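**Student:** Sharing a model that was predicted from the sequence below.
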Amino acid sequence: MIPRIALTLVLLGATAGIAAADDRCTVPLADWQPRSALVQKLAAEGWTVLRLKADDGCYKVFARDASGRTIRARFDPATLERVPGGHGRHDGDHDDDHD
């Protein structure tokens, strides 16, 4: 009985995570703005982009703000607006190549 309940809880948690990821960015590729547009936007806001990649339908950015703090954030590729639920700010260097 316990293993069956545990399996059910694991499956429910996994599907909830998938549903949350699907809600982030659902823009067709044809509507994406170029990466350079996001880099320019962030530079105007005082960010230095260290890495930018497409991830789960969003642009995922690793950057430093004007204060030198490391930031990880996701952006809608059509509007270039920040997507809630990102990782926010981090003190010091933070490299997440394992994502």
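**Tutor:** Okay, I see it.
**Student:** Which of the three states applies to the closest residue to residue 27 other than its chain neighbours?
**Tutor:** By the measure of C-beta to C-beta, 6 or more residues apart in numbering, the closest residue to residue 27 outside its immediate chain neighbours is residue 78, 4.3 Å from it. All C-beta spots, glycine's among them, are computed from the backbone N, C-alpha and C. Recorded secondary structure, residue 78: coil (DSSP: H, G, I helix; E, B strand; the rest coil).
**Student:** Now for the chain, the helix or strand with the poorest mean pLDDT.
**Tutor:** In the chain, no helix or strand scores lower on mean pLDDT, DSSP states H and E than helix 2-24, which sits at a mean of 50.
**Student:** End to end on stretch 54-73, go ahead and measure it.
**Tutor:** In stretch 54-73, first residue to last residue: 12 Å (C-alpha to C-alpha, to the nearest Å).
**Student:** if you average pLDDT over that stretch, what comes out?
**Tutor:** Regarding stretch 54-73, the rounded mean pLDDT is 95.
**Student:** so after the least confident helix or strand of the chain, what's the next helix or strand?
**Tutor:** Scanning forward in sequence from helix 2-24 by DSSP states H and E, the next helix or strand is helix 35-44.
**Student:** Return the list of helices and strands in contact with that following helix.
**Tutor:** Identification of packing neighbours for helix 35-44 by 3 or more C-beta pairs under 8 Å, 6 or more residues apart in numbering; DSSP states H and E yields strand 48-55, strand 58-64.
**Student:** tell me which residues of that helix are tucked away?
**Tutor:** For helix 35-44, a neighbour-count test (16 or more other C-beta atoms under 10 Å) marks 38-39, 42 as buried.
**Student:** could I get these as a markdown table with pLDDT?
**Tutor:** Compiled in a markdown table, these are given as follows (pLDDT from 0 to 100):
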| residue | pLDDT |
| --- | --- |
| 38 | 98 |
| 39 | 98 |
| 42 | 97 |
